[in-house]
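[1] Pasting the sequence and the predicted model now:
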Amino acid sequence: GSVLKNRNFENKKVSSSAAAEEAATAAPLDPSVQAEVDAIMDAHNEARGPSLIEVHRMKKASEKAASQTEGKDAWKWNREKDLDSGRRVDKEALRMILGGAGNGLKDKFQGGLSRG
């Protein structure tokens with residue numbers, strides 16, 4: 001049989017950054033044209049406003065600054081006071097909430113122990 005040759009393929013692909021550097025150094029723009037391009041780019045950036053990531057960063061920075069100023073006056077949780085507050089239910093309030101549900105359930109399900 002025939003002997004297979006080892007093939008070496010060269011990767012001649014140029015990276016995008018190298019191509020951009022070549023384009024920048026190959027043909028410099030006339031200063032008046034460059035000034036016009038810069039003016040157009042500035043007007044475009046002003047018309048668009050800040051990017052979403054910039055808005056997010058500014059919002060986070062302002063929240064952080066606000067939380068640092070409030071730090072000492074912040075609400076502190078107290079187990080004894082906060083856990084028991086509003087937890088106790090008196091019988092009258094319970095009757096108001098449930099209404100006649102207890103009687104309705106007794107009628108439907110034969111109220112009391114099951115008869116087996």
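    Good, I have the coordinates.

[2] Where does the prediction get shaky in the protein?
    Judged by pLDDT under 70, the chain has its weakly predicted residues at 1-4, 11-26, 71-74, 86-87, 110-116.

[3] Recalculate using a threshold of 80.
    Counting by pLDDT under 80, the chain contains low-confidence ranges at 1-28, 68-77, 79-91, 93-95, 99-116.

[4] how about the nearest residue to Met58, chain neighbours excluded?
    Excluding its sequence neighbours, the residue lying closest to Met58 (Cβ to Cβ, 6 or more residues apart in numbering) is Pro50, at 7.5 Å. For glycine as for every other residue, the C-beta is placed from the backbone atoms N, C-alpha and C.

[5] does that neighbour count as helix, strand or coil?
    Under DSSP: H, G, I helix; E, B strand; the rest coil, Pro50 falls in the coil class.

[6] now swap in the one 10 residues further on and tell me
    What three-state DSSP gives for Lys60 is helix.

[7] can you count the residues close to Lys64?
    Neighbouring residues of Lys64 were enumerated by other Cβ atoms under 10 Å; the total is 9.

[8] Can you tell me the element it falls in?
    Mapping Lys64 onto the secondary structure by DSSP states H and E places it in helix 52-70.

[9] Can you list the buried residues in stretch 91-100?
    For stretch 91-100, the neighbour count (16 or more other Cβ atoms under 10 Å) marks no residue as buried.
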